[in-house]
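**Student:** What shape does this take:
(2 chains)
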Amino acid sequence: MYADLSPLHEPRSFLTKYVWSQDHKVIAIQYSLTAIAVGVVGLILSDLMRLQLGFPGRFAFIDANHYYQFVTMHGMIMVIYLLTALFLGGFGNYLIPLMVGARDMVFPYMNMLSYWVYQVAVWVLMASFFVPGGPTGAGWTLYPPQAILPGTPGTEWGIVLMLISLAIFIVATTMGGLNYVTTVLQARAEGMTLMRMPLTVWGIFVATILALLAFPALLVSAIMMLLDRLLHTSFFMPSVVSMGMQLKHNGGSPLLFQHLFWFFGHPEVYIVALPAFGIVSDLISVHARKSIFGYRNMVWAILAIGGLSLVVWAHHMFVSGMNPYFGFFFATTTLIIAVPTAIKVYNWMLTLWRGNIHLTVPMLFAVGFVSTFVIGGLTGLFLGNVSVDIPLSNTYFVVAHFHMVMGVSPILVVFGGLYHWYPKITGRMLNDGLGKFHFWVTFLGTYAIYFPMHYLGILGMPRRYYAYDNYQFIPGSAQTLNADITVIAFLVGLAQFVFLFNLAWSLFKGKPSGANPWRAASLEWQTPDTPPIHGNWGATLPVVHRWPYAYSVPGAAQDFIPQNAPADPALDDPGDLGQAVEGAKI
Amino acid sequence: MALAIALFIITVAAVLFQFLTPWWLTPLASNWRQMDDTLAITLVVTGIFFVGINLFLVYVLIRYRHNKDRRAAYQPENRKLERWLILGTTLAIILLLAPGLFVYAAYLDTPRNALVVEVLGQQWQWRFRLPGQSDKLGKTDTRFVTPDNPFGIDPADPNGQGDILIDNNELHLPVNQPVKMLLRSRDVLHDFFVPPFRARMNIVPGMVTSFWFTPTKVGRYEALCAQLCGIGHSNMRAYVVVETPAAFAAWLKRQPTFAQTMAKNESGADQLLKQGKLVAQAKACIACHTVDGSPAVGPTWKGLYGKTETMADGSTALVDEAYLKAFIRNPTSRIVKGYAPIMPQIDLSDAELAALIAYIKSNAGAGQPSTTAQTSGG
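**Tutor:** Next comes the predicted model:
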């Protein structure tokens, strides 16, 4: 499809190789390191916030202003600047060209631009910590009118910088996103049909399409709120009396913002989740030495989830005051989405079933993900069902649910993915012992943090509270639990630094990995060089002969057949996996 | 193997936790038993899936752990099994959804005889309004909001004159009488939430939202704000007292109407006090200090003036004008025992400070605090 080497912009200097690089692999690493750095800020903020919740008033510097600023910045950083950037900009950039057999992204210059624009967005966001009044404390949902009125920290500068940063981020995502989609559609190697793509690529591909459709809603709402804040328009601002002052706004709708925000915000959940689904499918298949179960349904499930995710947004708004009859529609669409999601879970389980399971570090994270995702997914059935949601809305149940489903679960996949592909990226293995330590503290820790939190929500404990003094219906034991959670959150936080140390240490001291340490079949492990050099494939592009899940094929010499190994009529099914289906009985 | 054991322990611990948890629904005090029932149905169905999936993982991790003499089975698909799983899941989802939608339909079907109560949210306090003789609440608009007319009732609307105004944070309701709550905000989003009633709705400035419930148990319940509304969010509290219809009627009679309130305001109320109250609201003092004696982040102002405070270092001080002035100007110079040193320094003109102190002073002799609970700080 595009075998021509000439447009490849061979790097000529240190600067074009490592800084202004147009190589998707370098850009991926730049994206990942920036996302991880900003993620560390988000992690520290979460621990500061936990200090106040666990030991209220003990730390004088965390006043109510700071607390809400920590909460807000933690949420926004983790969802947008860490997870979205890492999955699409990091994993997407690194894996798409390698997995589909391309030499690079189709628009390398735009790819470079995407990263640098993202970095500008991060700087603008970080700048808000240093402006008068500090960053915004409006909650990551930035609901107006409160986000731009006194009584909320950061209404002077913080909210302005936040909105500008988001707008810049969306520019970066759009540039990257167009690239990923075009590359998947246009730059696949010979024989790499869509239905032979690894599920990782499918997940990132559909997530990117969602990003391209959903982020514009956030962009317009950010611009409209900026106008409300700076030019005193009234898109989202009704007539209000703020702190005894009559304001000039009139006629705007706070609910309009919520609709726009969640039209972006719900697909955003899947922008993070779909790449995780894809990656975890590949991890489970490789490390269980078994072809992914139900590949076609896995692809259809990704597409169905992607499509449905655009019509469920108002389940975040069941008690918002919108027309209450919308509740019927959105509860129904929301629960329908559970079906394709459940299919994915079943298929992961059935992939493990009768496998030959290597509990490597990536596999530990992958199986850990299945367990945490099941909790997060099932609690979604509480919140998606409108009448069950009413008493639980805005309580700790919600906090526990979304952290489990779109915090802990995707981040476990991020870790699993990094342990899995690090050897390809660096040519060295990450340290196994440190990896296991990292897994166990993170996995057990997150369970201990979030599992009991659901029950605080059922009790009715509201979220986003600076303190819970003197509420009679909250027993003292809830405070004890909060203190325990804080201690565990610190331990889990510390374990992440062990992981960062492992990343750095293994770069120099890690065991050399060879080209394909996991004996994986997909294309990225078949590069002539490890780490792959500029252009990825040497003189000739690979030719793909089969799907990426040819593990433990009966009669094959090894328990995997690389996608680009020469066709073998004795082993390959002429109709791809369609043929294999009829032959294989369960 | 360790992972299988861990998952097994997690599953067992989760089930045990469910039965032993010290944190569960507050005792129901409204008609919404159905909401608790749908919660229970959801919990059972999802609980089965949770246990089943985790135990399946435990089984496969043990049974199919790596063995170098064995190869994994080759089985890319099984359309029949997949179809059954889709069908089964769809049925389970319908089972969960259907009762939920029926309960929701009931939630939207407000009884005709419901008592109408308006809740007015404002950073960070609650007010309540009930219709008077005319049975209709007066029209409101933020244009009419003044310190004397915090509800923004249209003075020209005859219906508004008889409106019964509750200018404090305690609402009374008759037991077993359906109530339709009309929710209004003057400034930002709020949410009036009484956990034992289950029902709730956000409050959105610029519009009126509503929900209904029937209180079924006599008692005094805490109401809280459940939609982030700024730094005072966690302290925006109120109480709902559910009592017999007779007690409710007697209480209602004692509350002033809008016409009475306005008349009283015109008859030479102390301007300084009024200004002080306004300062306390505008500068968000009331986020942490109550005037009704109920404990909060900071000491209540009820009975504060003239009291002898004990400091964290054991010394004592008489709360007088000089003390208040010095403390407000420099809040961290000394620390009152039992409170965290978290009061921010607030910009106040001398006139504002004087008004504020006059207001605090006016709350002095108002009797003993109604609750004696000691706070342990912020």
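**Student:** for chain A, which spans come out with low pLDDT?
**Tutor:** Applying pLDDT under 70 to chain A flags the ranges A:1-9, A:573-586.
**Student:** what residues are up against whichever residue of the stretch 101-250 of chain B sits closest to chain A?
**Tutor:** For the stretch 101-250 of chain B, the nearest residue to chain A under the criterion Cβ to the nearest Cβ is B:G206, separated by 2.5 Å. Backbone N, C-alpha and C define where each C-beta goes, glycine included. Counting by Cβ atoms under 8 Å, 6 or more residues apart in numbering or on different chains, B:G206 touches A:238-240, A:251-254.
**Student:** which residue is nearest the centroid of chain A?
**Tutor:** Per Cα atoms, centre = their mean, the C-alpha nearest to the average position across chain A is that of A:V272, at 3.0 Å.
**Student:** Run the contact check for the host helix or strand of that residue versus chain B.
**Tutor:** With secondary structure defined by DSSP states H and E, A:V272 is part of helix A:254-287. Yes: on the criterion Cβ under 8 Å from any Cβ of the partner chain, helix A:254-287 is in touch with chain B at A:254-255.
**Student:** Check which residues of the helix or strand just after that helix are buried.
**Tutor:** Along the chain past helix A:254-287, the next helix or strand (assigned with DSSP H and E) turns out to be helix A:295-308. Using 16 or more other Cβ atoms under 10 Å in any protein chain shown as the test for burial, helix A:295-308 gives A:295-299, A:301-306, A:308.
**Student:** Could you pull up the contacting residues of the closest residue to B:A287 other than its chain neighbours?
**Tutor:** With Cβ to Cβ, 6 or more residues apart in numbering or on different chains as the criterion, B:A287 has its nearest non-adjacent residue at 2.8 Å, and that residue is B:G232. Shown here is B:G232, whose contacts under the criterion Cβ under 8 Å, 6+ apart are A:64, A:151, B:123-124, B:284, B:286-288.
**Student:** Now do the residue in chain A that chain B sits nearest to: how many residues are near it, please.
**Tutor:** Of all residues in chain A, A:P238 sits closest to chain B, with a separation of 2.5 Å (Cβ to the nearest Cβ). A:P238: 22 surrounding residues under other Cβ atoms under 10 Å in any protein chain shown.
**Student:** Then the one 5 residues further on?
**Tutor:** Burial of A:M243 is recorded as 18 neighbouring residues (other Cβ under 10 Å).
**Student:** In contact with it: list those residues for me.
**Tutor:** In this structure, A:M243 makes contact with A:149-151, B:123, B:187, B:281-284, judged by Cβ under 8 Å, 6+ apart.
**Student:** list the helices and strands the helix or strand of chain B with the lowest mean pLDDT packs on?
**Tutor:** Taking mean pLDDT, DSSP states H and E as the measure, helix B:271-282 is the helix or strand of chain B with the lowest mean score, a mean of 78. If contacts are counted by 3 or more Cβ pairs under 8 Å, 6 or more residues apart in numbering or on different chains; DSSP states H and E, helix B:271-282 sits against helix B:350-362.
**Student:** in the helix it packs on, what's buried?
**Tutor:** Using 16+ other Cβ under 10 Å as the test for burial, helix B:350-362 gives B:352-362.
**Student:** Just the angle for that helix relative to helix B:271-282, thanks.
**Tutor:** With axes from the mean of the first three to the mean of the last three Cα atoms, to 10 degrees as the criterion, the two stretches helix B:350-362 and helix B:271-282 enclose an angle of 100 degrees.
**Student:** Just the residues contacting helix B:350-362, thanks.
**Tutor:** Contacts of helix B:350-362 (Cβ under 8 Å, 6+ apart): B:270, B:272-273, B:275-280, B:283, B:285, B:301, B:304-305, B:321, B:324-325, B:328-329, B:348.
**Student:** cutoff 6 Å now
**Tutor:** Outside of helix B:350-362, the residues within contact range by Cβ atoms under 6 Å, 6 or more residues apart in numbering or on different chains are B:272-273, B:275-277, B:279-280, B:301, B:305, B:321, B:324.
**Student:** go on, stretch A:526-544?
**Tutor:** Outside stretch A:526-544, the residues touching it (Cβ under 6 Å, 6+ apart) are A:3, A:8, A:23, A:101, A:103, A:189-192, A:425, A:427, A:515, A:562-564.
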